[in-house]
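1. Give the three-dimensional model of this entry:
(2 chains)
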Amino acid sequence: GAGVSQSPSNKVTEKGKDVELRCDPISGHTALYWYRQRLGQGLEFLIYFQGNSAPDKSGLPSDRFSAERTGESVSTLTIQRTQQEDSAVYLCASSLALSAGGRTEAFFGQGTRLTVV
Amino acid sequence: GEDVEQSLFLSVREGDSSVINCTYTDSSSTYLYWYKQEPGAGLQLLTYIFSNMDMKQDQRLTVLLNKKDKHLSLRIADTQTGDSAIYFCADNDGGSQGNLIFGKGTKLSVKP
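-> All right, here's what the predicted structure looks like:
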């Protein structure tokens, strides 16, 4: 597609259930990022992928959060046993291959708004 | 670890200049960026500056970089109500992987 696509755009789930969020990056973009944005707050880095590997998982808030990427394409962010504090917009971005010192333009999806009730 | 910090809110009157400030800690950053997030939308790259420059101008936008103090600013001249958005400062991890580190964003409110 022309841009980064995320699905679903909205998700309401009951506390304790698992959810899976999907990100389709721009074709050819080997770098992929996940961020969380709570209501009225800034971007919180979760994880990024270089190809299919995730060199930096330091932002994942707890072991209930996991992410994977396959085929240097689609990525899924899974939240197990959701809690109300997980309610936020989850943003995905992709960019061309990262290189130390290189210029990186990240293209963002519209986000998935997750509400845990 | 690296950090990028911004003030959270800025309010200006239409027609005035807005200055959004950002500080960062990574001395090896080679590019610094400003992203804009309009209400209900994703982030979009607004402008960027290479670290060997101290100023970049693009129409109503002026980016100033003080590399010694690790201070970046975005000036918007003749601010309009359509400029109301959240502005994010970001730098790339020039020392290793090159991933993007974002500040928490500055919410700019423009009053008519």
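
2. what's stretch A:73-80 in contact with?
-> A:18-25, A:27, A:32, A:34, A:46-47, A:49, A:64-69, A:86, A:90, A:92, A:114 (Cβ atoms under 8 Å, 6 or more residues apart in numbering or on different chains). Glycine gets a C-beta too; all of them are placed from N, C-alpha and C.

3. how far does that stretch sit from the chain's center?
-> Remark: stretch A:73-80 is offset 7 Å from the chain centroid, using Cα atoms, centre = their mean, to the nearest Å.

4. The strand or helix carrying residue A:23 - contacts with which helices or strands?
-> Following DSSP states H and E, one finds residue A:23 within strand A:19-24. Judged by 3 or more Cβ pairs under 8 Å, 6 or more residues apart in numbering or on different chains; DSSP states H and E, the packing partners of strand A:19-24 are strand A:5-7, strand A:10-13, strand A:75-79, strand A:88-95, strand A:112-116.

5. Quick check: buried residues in it?
-> A:19, A:21, A:23-24 (16 or more other Cβ atoms under 10 Å in any protein chain shown).

6. Just checking, which helix or strand of the chain averages the lowest pLDDT?
-> You didn't say which chain, so I picked chain A. strand A:53-56 (a mean of 85; mean pLDDT, DSSP states H and E).

7. hm, I was asking about chain B
-> strand B:100-102 (a mean of 81).

8. so residue A:114 makes contact with residue A:20?
-> No - counting by Cβ atoms under 8 Å, residue A:114 does not reach residue A:20; the two are 10.8 Å apart.

9. coming back round to it: looking at the buried residues of strand A:19-24, which is nearest chain B?
-> Taking Cβ to the nearest Cβ as the measure, chain B sits nearest to residue A:23 out of the buried residues of strand A:19-24, at 11.8 Å.

10. Just give the nearest non-adjacent residue to the closest one, would you?
-> residue A:92 (3.5 Å; Cβ to Cβ, 6 or more residues apart in numbering or on different chains).

11. part of a helix, is residue B:47?
-> No - the assignment for residue B:47 (DSSP: H, G, I helix; E, B strand; the rest coil) gives strand, which keeps it out of a helix.

12. number of nearby residues for it?
-> Neighbours of residue B:47 under the rule other Cβ atoms under 10 Å in any protein chain shown: 17.

13. Could you do the one 4 residues further on as well?
-> By the other Cβ under 10 Å criterion, the neighbourhood of residue B:51 contains 18 residues.

14. wouldn't it be in contact with residue B:30 here?
-> Yes - contact criterion Cβ under 8 Å: residue B:51 and residue B:30 qualify, at 5.0 Å.

15. and the helix or strand hosting residue A:36 with strand A:112-116, angle?
-> In this structure, residue A:36 sits in strand A:31-37 according to DSSP H and E. Strand A:31-37 runs at 40 degrees relative to strand A:112-116, counting by axes from the mean of the first three to the mean of the last three Cα atoms, to 10 degrees.
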